[in-house]
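Asks: Need a 3D model of the following:
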Amino acid sequence: MRHIFKLGQLFLHCGLVAGLVGWGPVTAADHIPASTASSGEASAAAAGLQERLARLEQFDSAFRQTVYSADGVELQDVEGRLSATRRGQVRWETAAPYEQLLVSDGTTIWLYDPDLEQVTVRPFRRNIAETPAMLLIGDTGQLTDEYRVLPIEAEAGQRGWQLIPHEPGAMFERIELVFENGAPLSMKLWDAMEQVTVIRFSDGSTAVDLDPELFQFEAPPGTDVLHDD
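Replies: Down below sits the predicted model:
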């Protein structure tokens, strides 16, 4: 389903360095771990991130997602909007020319591609090791079971964390999150193919009352429905 399907993998996988706004191309240096924190510093970092995520009950934001190859070549650049709640409800919509819609009601996920007139329906998985987006929308009690959490440098008014999976062979080798004013500012992910996905949030708000209808999906007439259990 085109390269943009990587976007959906943040939510559908089966089984974020300081100042991300305005980044240029990713370089080989970005593959070097950013912190060698002590165990005490790592514990404090994990507690700080869990506290920050726990306060993120609802989130609504525009975003820009850029995917880079291992040697820093830009492969894709898309814009869209994310609406999400801590209950696992998600609406992730990308604009043309890579138009897609991903919707979750907390139990089921629908990934709709209007160009293909096709929707893929899957159960919503809550494992944060397999589904990185659960960091933003799910129970973070598994955080330290699945990741080593390290602090990273951030600009004034920002806080950043790096997450490294304990389990070898994870879908993403490293994740970095940056928050500003209590809301996610950026998310950066290194996958097993050494590609880097950078998601920058803008005009994000946590003081929102999201309409429950955002997290429901009804396939348009004539749409092919594929079930992947």
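Asks: Kindly confirm my reading that residue 65 is in a strand.
Replies: Yes: judged by DSSP: H, G, I helix; E, B strand; the rest coil, residue 65 forms part of a strand.
Asks: so it makes contact with residue 80?
Replies: Yes: using CB atoms under 8 Å, residue 65 makes contact with residue 80 at a distance of 7.4 Å. Heads up, the C-betas are built off the backbone N, CA and C, glycines and all.
Asks: between those two, what contacts are shared?
Replies: Common contacts of residue 65 and residue 80 (CB atoms under 8 Å, 6 or more residues apart in numbering): residue 94.
Asks: what lines up beside the strand or helix carrying residue 203 in the sheet?
Replies: Using DSSP states H and E, residue 203 falls within strand 196-205. Partners of strand 196-205 in the sheet, by DSSP bridges, are strand 58-68 (antiparallel), strand 183-191 (antiparallel).
Asks: dump the residue contacts of residue 57.
Replies: 85, 86, 206.
Asks: hey, where'd the strands end up in the chain?
Replies: Remark: strands assigned in the chain by DSSP state E are 58-68, 74-85, 89-94, 100-105, 108-113, 118-123, 147-152, 158-165, 172-180, 183-191, 196-205, 224-227.
Asks: Show me the residue sitting in the middle of this structure in space.
Replies: Centroid-nearest residue in the chain: residue 133, 4.2 Å away (criterion: CA atoms, centre = their mean).
Asks: What's the local residue count around the closest residue to residue 169 other than its chain neighbours?
Replies: Excluding the flanking residues, the one nearest residue 169 by CB to CB, 6 or more residues apart in numbering is residue 192, at 7.4 Å. Residue 192 sits with 10 neighbouring residues when counted by other CB atoms under 10 Å.
Asks: Show me the one of the strands paired with strand 196-205 that comes nearest residue 49.
Replies: The stretch from the strands paired with strand 196-205 with the least distance to residue 49 (CB to CB) is strand 183-191; that distance is 11.4 Å.
Asks: how many degrees apart are the closest one and strand 158-165 in direction?
Replies: Counting by axes from the mean of the first three to the mean of the last three CA atoms, to 10 degrees, strand 183-191 lies at 30 degrees to strand 158-165.
Asks: mean confidence score for strand 183-191?
Replies: Strand 183-191 comes out with an average pLDDT of 93.
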